[in-house]
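>>> sequence? don't have it. structure:
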């Protein structure tokens with residue numbers, strides 16, 4: 001996604017970096033779109049079943065390095081030849097229906113709190129940028145960092161240009177820090193997986209969210225905060241019951257960061 005370039009202040013700005021799956025939303029973002037991909041002929045039945053099984057294991061115990069590498073290999077094989085614009089169209093058409101009900105209320109409140117404090121919000125995910133970007137826009141994020149696939153003649157080749165995973169996430173946030181003037185020692189990061197230990201260790205304020213067993217052990221040893229998010233709720237339902245016209249418009253341009261932040265912040269304060 002694109003963002004308006006703002007003046008930097010010599011590394012004085014602050015950002016909050018959020019992993020996506022099981023940190024902001026309650027399921028794997030890639031898995032969520034498997035049904036419409038199947039309906040549009042991009043996936044066969046076997047691929048959907050394999051995706052469901054992989055998602056079950058992911059939700060049960062998280063994903064270690066070997067599992068993530070297998071998921072990357074499966075992803076590249078699966079998407080080779082897909083039409084990029086078709087993928088973007090499917091995501092845009094089904095985003096509200098599939099993703100909105102999965103956003104953790106606690107994550108929405110935390111994102112709003114960071115915005116109120118003047119922090120940029122960055123979604124950092126190993127999922128593809130065609131999926132991550134639209135979700136980040138709905139959340140009002142300033143920037144995204146996601147996996148990029150090589151595209152030729154409007155189709156995925158099956159090769160990975162940039163894998164936003166492990167050390168790759170650190171590369172992405174360091175690049176953003178250099179261009180946006182973030183002081184990483186003052187920045188925040190949130191994740192559920194031990195595979196994001198490099199990203200969490202790269203900032204001054206790391207927090208484990210719904211951590212897997214290995215990340216929980218690391219967080220306890222390092223004295224990091226641990227949060228539990230357990231209440232997925234429609235982001236729309238918290239503010240209003242929008243018309244179909246409003247839904248279409250907002251799916252295209254995302255929620256107003258200031259308005260969403262202010263409302264979420266007030267809701268958060270009322271519950272305390």
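Alright, I've got the coordinates. Bear in mind that the values here come from a model prediction, so they are computed numbers and not experimental data.

>>> pLDDT on stretch 217-230, on average?
Throughout stretch 217-230, pLDDT has a mean value of 97.

>>> Would you mind measuring the gap between the ends of it?
In stretch 217-230, first residue to last residue: 20 Å (CA to CA, to the nearest Å).

>>> Report the buried residues of that stretch.
218-219, 224, 227, 229 (16 or more other CB atoms under 10 Å). Backbone N, C-alpha and C define where each C-beta goes, glycine included.

>>> Please name the residues that touch the residue nearest to residue 26 when sequence neighbours are not counted.
Setting aside the residues directly before and after it, residue 26 is nearest to residue 232 in space (CB to CB, 6 or more residues apart in numbering), at 4.2 Å. Contact analysis of residue 232 by CB atoms under 8 Å, 6 or more residues apart in numbering lists 25-26, 101-105.

>>> Look up how far residue 41 lies from residue 232.
Distance of residue 232 to residue 41, computed by CB to CB, to the nearest Å: 29 Å.

>>> Just the ones of the contacts of residue 232 in helices?
Among the contacts of residue 232, the ones falling in helices (DSSP state H) are residue 105.

>>> Name the nearest of the contacts of residue 232 relative to residue 159.
The nearest member of the contacts of residue 232 to residue 159, counting by CB to CB, is residue 25 at 27.1 Å.

>>> Touching, that closest one and residue 106? I think so.
No. In this structure residue 25 lies outside contact range of residue 106 using CB atoms under 8 Å: 11.7 Å.

>>> Between the two, point out the one with more neighbours.
Between residue 25 and residue 106, counted using other CB atoms under 10 Å, the more crowded position is residue 25 (23 against 19).

>>> Would you map the strands across the stretch 151-272 of the chain?
Assigned by DSSP state E, counting those that start in this stretch, the strands in the stretch 151-272 of the chain fall at 155-162, 188-191, 205-209, 226-227.

>>> Which other helices and strands does the last one contact?
Pointing back at strand 226-227 there. Judged by 3 or more CB pairs under 8 Å, 6 or more residues apart in numbering; DSSP states H and E, strand 226-227 is in contact with strand 205-209, helix 213-222.

>>> try 7 Å this time
Applying 3 or more CB pairs under 7 Å, 6 or more residues apart in numbering; DSSP states H and E, we find strand 226-227 packed against strand 205-209.

>>> what lines up beside the strand it packs on in the sheet?
Next to strand 205-209 in the sheet, as set by DSSP bridges, lie strand 188-191 (parallel), strand 226-227 (parallel).

>>> With residue 213 as the reference, name the closest of those strands.
That would be strand 226-227 among these, by CB to CB, at 12.2 Å.

>>> re the thing from before, out of the buried residues of stretch 217-230, who's nearest residue 78?
Checking the buried residues of stretch 217-230 against residue 78 with CB to CB, the nearest one is residue 229 at 29.0 Å.

>>> give the contact list for that closest one.
Counting by CB atoms under 7 Å, 6 or more residues apart in numbering, residue 229 touches 104, 106-107, 209-210.
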